[in-house]
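missing the sequence, but the structure's below:
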């Protein structure tokens, strides 16, 4: 690879000569047209870096005394008794220029299943000059992760969190990628551009568990503090630079952002359901504020599963039986104050499975009978809303095929 100022000599003893016989001998270096470039004492004395790009040939010459080099510029002009060996080819490649990259740095939130590609034309390349070129993606240690046709073809979501680098490579025909796993292992005539940094961030909200079937139940509005007991919620497998607890209603509206779930007094909230989540996020998150919606968060973040907090009204007495059940469930409203009620059933995922308005005068003995025989085994919630006041009462029941 010539023209870089580093001496390019054939290594000593890298050429072997055999079967020669003559009174005189010489080494001859020509171009590929036979023009004599030099008559060195040995082929190892020639610094090919001083020659321009191209091909030259190294020959051994055997000759007798009637051969003269005076005025000879091409090997074909030699006169007298002489013989030339076969030639050894020396390829002199011009030092390539990989060019200069501009763009980025780029940052992606990976691992969420959404493709993370550098936008088309977001990187510009200038000043490159080489016979061959390639794009190279490495980690921050130079380990080669890919050789894409363009940097825009790489889906960084498929890589784990970390930093990788995008390079442009200019190289000549004597460069091979076979067996090369790190850019530092490349051999031959090549040049790498400056790198473009791609930061891959990853978050996991983790898994939270606590209460009975991930549910806490309180009777609210009686003036007694309703606080989740210390250390009764466990958090595991969370990943992220920042961490936050989030309390939302059933629609995802953020009610509080406490330092811990044990700081919240649920007695101060009206009857109904709320959800506890753990949030992992990277810097730059937007939308994490009270009265916002968790679905509108913007940035690199992940929410855990939720724990349900059931807040029952203190003044309501509603019986539900049998519990557990497999066929019918009866809701006794005789001690419920309102005449018009709305009855709904939810599963643990807060999906509404049943919803109907009732006038108690139309119910036999103030009892609503609901068929749940087609429900899967598990925990469910009956929600009764007083249509006059809007107050909610929620009660848990279990569907079990063993009953």
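Thanks, I have the structure now. These numbers come from a predicted model, not from an experiment.

can we go C-alpha only for contacts and neighbour counts from here?
OK.

strands of the stretch 101-250 of the chain, residue ranges please.
Ranges of strands in the stretch 101-250 of the chain, per DSSP state E, counting those that start in this stretch, are 106-109, 124-126, 132-139, 144-146, 162-171, 190-192, 196-201, 207-210, 215-220, 233-236, 242-249.

who does the last one pair up with?
I take that to be strand 242-249. Strands adjacent to strand 242-249 in the sheet, as given by DSSP bridges, are strand 254-256 (antiparallel), strand 272-281 (antiparallel).

right, so the ones you listed: which one is the most enclosed?
Most buried of these by mean neighbour count (mean count of other Cα atoms under 10 Å) is strand 272-281; its value is a mean of 23.

for the protein, identify the residue most remote from the centre.
Going by Cα atoms, centre = their mean, the residue of the chain most distant from its centre is residue 66, 75.6 Å out.

leaving out chain neighbours, which residue sits closest to that residue?
residue 80 (5.5 Å; Cα to Cα, 6 or more residues apart in numbering).

check contacts around the one you found.
Going by Cα atoms under 8 Å, 6 or more residues apart in numbering, residue 80 touches 64, 66-68.

columns secondary structure, distance to residue 41 and pLDDT on top of those residues, output as a markdown table?
Below are those laid out as a markdown table (DSSP: H, G, I helix; E, B strand; the rest coil; distance: Cα to Cα, whole Å; pLDDT from 0 to 100):
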| residue | secondary structure | distance to residue 41 | pLDDT |
| --- | --- | --- | --- |
| 64 | coil | 18 | 95 |
| 66 | coil | 20 | 94 |
| 67 | coil | 18 | 94 |
| 68 | coil | 17 | 92 |
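
adding distance to residue 30, write these out as JSON lines.
Below are these laid out as JSON lines (distance: Cα to Cα, whole Å):
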{"residue": "64", "distance to residue 30": "21"}
{"residue": "66", "distance to residue 30": "22"}
{"residue": "67", "distance to residue 30": "18"}
{"residue": "68", "distance to residue 30": "17"}
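
where does this protein dip in pLDDT?
For the chain, the stretches flagged by pLDDT under 70 are 314-317, 335-339, 389, 403.

what secondary structure does residue 379 sit in?
Using DSSP: H, G, I helix; E, B strand; the rest coil, the structure places residue 379 in strand.

that one reaches residue 372, doesn't it?
No. Applying Cα atoms under 8 Å as the test, residue 379 and residue 372 come out as separate, 11.9 Å apart.

need the overlap of contacts for these two.
Common neighbours of residue 379 and residue 372 (criterion: Cα under 8 Å, 6+ apart): residue 399.
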